[in-house]
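**Q** Show me the folded form of this:
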Amino acid sequence: MFNLRALFILGLVAALATGAQAQEAWTVKPAWVSAHESFLASPALRGRGSATPDETVAATYVASVFERYGLIPAPGMTTYLQTAPLTKSTPSGHATLSVGGVAIVQGQGLSILSASGARIEGSVAVGSDATTMPEADIVLIAPPEGPGFRPLMGAARAAGAKVIVLRETDTLKQAAVRSRQRPSYTLVGEEPGMRPDILVLGPDAFDRLAAATGPAVLDPGTPTVEPASTVNAVGWLEGTDPDGEVIMISAHLDHLGVVDGVLMPGANDDASGTAAVLELAHALAAGDRPKRSILFVAYGAEEIGLLGSQYFGEHPPVPLDRIVANLEIEMIGKQDPNLPSGIMMMTGFDRSDFGPLMKARGALVAPDPYPEQQFFQRSDNYALALKGIVAHTLSGWATIPTYHSAEDTIANLDIGFMTAAIQSLVEPLRALAEGEFTPAWTEGGRPEAR
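**A** As a prediction, this is how the structure comes out:
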């Protein structure tokens, strides 16, 4: 009897010691990170296509791990899954874009990359510089060859454009062919123009419209419309002040799925960020309850227009004014050779003091070396930033060559870099959760909705 009692006491002491160690010095293990990647980026999930059953499987996996790590459903939620209703719109094939008396018809110089299916009319302007993008309902842009159109699109979106019209390049011509008759998605009840439609015009058609004057109109014809949905996975670590302030750690769990018969694994984009959210939940839930509650969120439908984060921002489980900061994590699977060894970049670093405060506490973060790419506006952090929450995205290598390709595989990840990056965030986020600091926008840093 004595021996059993002694063993019980020794076991209790060991458990308490383990708990104290978890609070003081948590160690993220590469095997844990690799295990998440091995499932999320496996062929079994077929690339986690946005608004597909494969995306739902990924969200269910994340939810199950949240539960395993001790998180509970967020306030007002009975499960870990938040389903967002969508409208799926397949193009009619007969869209028309006109400026004044000049009209270009789909298939005769006009291609659609993505569109809501709504009729849009208003002012028109021509833009070519991400730093001086004009404010107009319909913006025509002549981008350089290659992926250089993305920052221009981000700048046009930030300026409030409802339609972005790109002059065709070889890259855009290929993208238009892949997007032909591909459906677009919007949130149910979403107002037209909340996310810009993206069109491509052949060089001659673009130049004709750019020279025209008068009212601009996009008439989409009559698309085929049907219901769809996407899923966010949400976990809640309740703080000692359950009705007080909240911090939020997020990533997106979807990817491109199967494109023209080719599997897009999305190991870096953004299974890596999802793995980071899971292991940060693991670390922060293992210690004592923090003062501030923590929301852990993995969004769906990022790849088709940041829809999961937009829905979350419109249907948050806690009032948004309680959320003091949001850290989004995307593509931390590889080190950018233009950054110091082991360092991640934070988008919009100078817009707030969040990055410097994290860095001072050991986070391996530095300013975004590519401000011209407009990454701050191009990730899920932006939906909450527009609502006033200090929200930024961390990335390892945002311009990685495997981006949106079949080569974004587990074999091309640097698990060691990922693990060290996640490890560096544990203590700074614990300090944030304990209320040791509260990030704030710098003067002029908060983005404004247009």
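**Q** which residues sit in contact with the closest residue to A103 other than its chain neighbours?
**A** Distances taken as CB to CB, 6 or more residues apart in numbering put T96 closest to A103, at 5.5 Å, once the chain neighbours are dropped. Every residue, glycine included, has its C-beta placed from N, CA and C. With CB atoms under 8 Å, 6 or more residues apart in numbering as the criterion, the residues that contact T96 are 103-106, 110, 217-219, 221.
**Q** Nearest to I249 among the residues you listed?
**A** L218 (38.1 Å; CB to CB).
**Q** Look up phi and psi at the residue nearest to A103.
**A** Phi and psi for T96, reported as degrees, to the nearest 10, are phi -140, psi 130.
**Q** where does it land on pLDDT?
**A** Predicted confidence (pLDDT) for T96: 92.
**Q** quick one, longest strand in this protein?
**A** The single longest strand within the chain, with elements called by DSSP state E, is strand 224-237.
**Q** Which elements pack onto that one?
**A** Applying 3 or more CB pairs under 8 Å, 6 or more residues apart in numbering; DSSP states H and E, one finds that strand 224-237 contacts helix 53-68, strand 81-90, helix 273-286, strand 293-299, helix 307-314.
**Q** what angle do the very next helix or strand once past it and helix 53-68 make?
**A** As assigned by DSSP states H and E, the chain's next helix or strand after strand 224-237 is strand 246-252. Put simply, strand 246-252 runs at 140 degrees to helix 53-68, going by axes from the mean of the first three to the mean of the last three CA atoms, to 10 degrees.
**Q** Show me what strand 246-252 is packed against.
**A** helix 273-286, strand 293-299, helix 307-314, strand 323-329, helix 415-433.
**Q** Could you measure from the residue nearest to A103 over to E168?
**A** 17 Å (CB to CB, to the nearest Å).
**Q** Same check on V231?
**A** 35 Å.
**Q** who's more crowded, the two?
**A** Using other CB atoms under 10 Å, the more surrounded residue of V231 and E168 is V231, with 27 against 20.
**Q** Can you give me the pLDDT of the closest residue to the more buried one other than its chain neighbours?
**A** Once flanking residues are discounted, V231 sits nearest to A59: 4.2 Å by CB to CB, 6+ apart. Reading off the confidence values, A59 has pLDDT 98.
**Q** Give me the neighbour count for P340.
**A** Close neighbours of P340, defined as other CB under 10 Å, add up to 9.
**Q** Kindly confirm my reading that it is in a strand.
**A** No - remark: P340 does not belong to a strand; assigned using DSSP: H, G, I helix; E, B strand; the rest coil, it is coil.
**Q** Wait, it touches V365, no?
**A** No - contact criterion CB atoms under 8 Å: P340 and V365 do not qualify, at 10.8 Å.
**Q** hmm, back to that, which strand residues bridge the residue nearest to A103?
**A** Beta-bridge partners for T96, by DSSP bridges, are V105, D219.
**Q** Distance check, it against L166.
**A** 17 Å.
**Q** Over to Q373?
**A** Applying CB to CB, the value for Q373 to L166 is 16 Å.
**Q** quick one, which of the two is more surrounded?
**A** L166 (24 against 21).
**Q** what about that one, distance to K173?
**A** On the measure of CB to CB, L166 and K173 end up 10 Å apart.
**Q** list residues touching both of these two?
**A** Common neighbours of L166 and K173 (CB under 8 Å, 6+ apart) are V200.
**Q** Next up, the contacts around the closest residue to V277 other than its chain neighbours.
**A** Nearest residue to V277 in three dimensions, chain neighbours excluded: A251, at 4.8 Å (CB to CB, 6+ apart). The contact partners of A251, by CB under 8 Å, 6+ apart, come to 270, 273-274, 276-277, 297-299, 328-330, 380.
**Q** again, 10 Å this time
**A** Residues near A251 by CB atoms under 10 Å, 6 or more residues apart in numbering: 62, 233, 270-278, 280, 296-299, 302, 327-332, 379-380, 393-394.
**Q** Alright, I will stop here.
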